[in-house]
Each structure stands twice: as C-alpha cells, then as structure tokens.
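Enquirer: Below are the sequence and a predicted model; questions follow.
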Amino acid sequence: MSFTGCEHGLLSLSKKDFNDWRRAPVIVSRKAAGHSGCPKYNRAVRRIYLIGFMGAGKTTVGRALAALLHWEFVDLDAEIEREQGITIREIFEKLGEPRFRQIERETLKTVSKRTDAVIAVGGGAYIDPENRAIADSAGLTVWLKVSFANAVSRVTIGGARPLFQDREKAERLYHDRLPFYRRARLHVSADGESPEAIAREIDALIAPYRS
C-alpha cells in the first residue's frame, strides 16, 4: 500500500488503498499489546483519533497519550465550545443537533490539518460518514471500548451531556453506535485500567504505524 499525496496536511490515499485499509481492521486486546499484526506504511501516522461512547475516557486517555508521544492534545468538543463561545449543551438547546453536527464536522476538518496530534472526538462524531472519512484517511482511529455500565458510572445522567439525559435512551444510543465504533482501526478496552495504563497500551500498539 502506498500514499498518493498530501493536501492541506491530510493524508491522501488512492481509492483502492483506502478500500483495502477499510476492509482490514485490526482488532486488538490487552493480550495482543505489542503484537498487533499491523502493516507498516511508507508514511508515518501523524494523527491519532480517539473515538468511543461518552464516558470512555477519551479526554483523560488522550492527554496521557499525547504526553507520552510529545504530541499536541486536541479535544474536539472543547475546540467547538471555544470557537462558539457557548457549551455543547447550549448549542443543542439553542441551535439543535443538526447544526451542532455541522459545526462539529467543520471543526474536525480544521483540527485535522494539524500534525503530531492526538484528537479526542465526541461520542457521535464518528457516526457521521464524512467525519469517518476524514479520520480514517488523515490518521489512525482508536476505539476506547467501555461497557455501558462503566459509562453510566462515569457520566452524570441529566448533567451537561445533552444526549445522556435519560438512562434508557442513552443505552439505546450506546448499542446503536457500537457498529460504527467497530470500524475503527484499533480497539482497546477502557474498562478497569487507569488512563495512563491505557495510554501506554495504545503507545505500544501504534508503534508499527509510526515507523
């Protein structure tokens, strides 16, 4: 597989290579740490996208991973709130979810121009086909797998997250999103370990992609 070029800082794959990439996800577990069977490419990955459900620990793990790699950490939701001047919940309430998704997509395109960055995306960002295409072609996607029970223990129901206001609805959303999360290149359990330990595991697993 070879890269065909680079535009605006985004890696560009030929259509055949991109399809080959998508058809061959590498699913890993803690037992596979350090031996992922990942193919090597002639251009090192310069962006890591952390995806997963609310409460998976994308922000805390992302900060720890960025520190290990000496890379920049980018929290997509925080970027949106900084640019818009209001919280994610306020965007949902005042502008609606479709407008939020549009803003999210535009912001993801912008932050994906950065290099040497660990990017934590919102729980619903990777569900959008355009966002998936951006993340899959611009870097390496890592799914932080968390059980719904653990997600609930970490996220306050009825709190600041607009899509976690009702347990039953949140659980349905969790299961609806799982098929999309499974499309990520790497899968890492986020249950039962500290953010630092999970970051170290990811650091070991992504080694073949960085050389």
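Expert: Received it, and whenever you're ready, just let me know what you need.

Enquirer: Might one say that Arg105 is in contact with Arg132?
Expert: No - taking contact to mean C-beta atoms under 8 Å, the distance of 10.8 Å between Arg105 and Arg132 leaves them out of contact. Glycine gets a C-beta too; all of them are placed from N, C-alpha and C.

Enquirer: just checking, Leu144 is part of a helix?
Expert: No - inclusion of Leu144 in a helix is not indicated when DSSP: H, G, I helix; E, B strand; the rest coil is applied; the result is strand.

Enquirer: gap between it and Glu168?
Expert: Leu144 sits 23 Å away from Glu168 when distances are taken as C-beta to C-beta, to the nearest Å.

Enquirer: Between those two, which is the more surrounded one?
Expert: Leu144 (26 against 7; other C-beta atoms under 10 Å).

Enquirer: got the contact list for the more buried one?
Expert: By C-beta atoms under 8 Å, 6 or more residues apart in numbering, Leu144 lies in contact with 50-52, 56-58, 61, 188, 190, 198.

Enquirer: More neighbours: Arg105 and Arg132, which one.
Expert: A direct count of neighbours by other C-beta under 10 Å for Arg105 and Arg132 places Arg132 higher, at 19 against 15.

Enquirer: In the protein, mark out all the helices, start to finish.
Expert: Secondary structure of the chain by DSSP state H: the helices cover 15-23, 58-69, 76-84, 88-95, 97-111, 129-138, 148-154, 167-181, 195-205.

Enquirer: Which of these sits closest to Gly123?
Expert: For the helices of the chain, proximity to Gly123 was assessed by C-beta to C-beta; helix 167-181 is nearest, at 7.1 Å.

Enquirer: Could you name the helices and strands sitting against that closest one?
Expert: Identification of packing neighbours for helix 167-181 by 3 or more C-beta pairs under 8 Å, 6 or more residues apart in numbering; DSSP states H and E yields helix 148-154.

Enquirer: in the helix it packs on, what's buried?
Expert: 148, 150-152 (16 or more other C-beta atoms under 10 Å).
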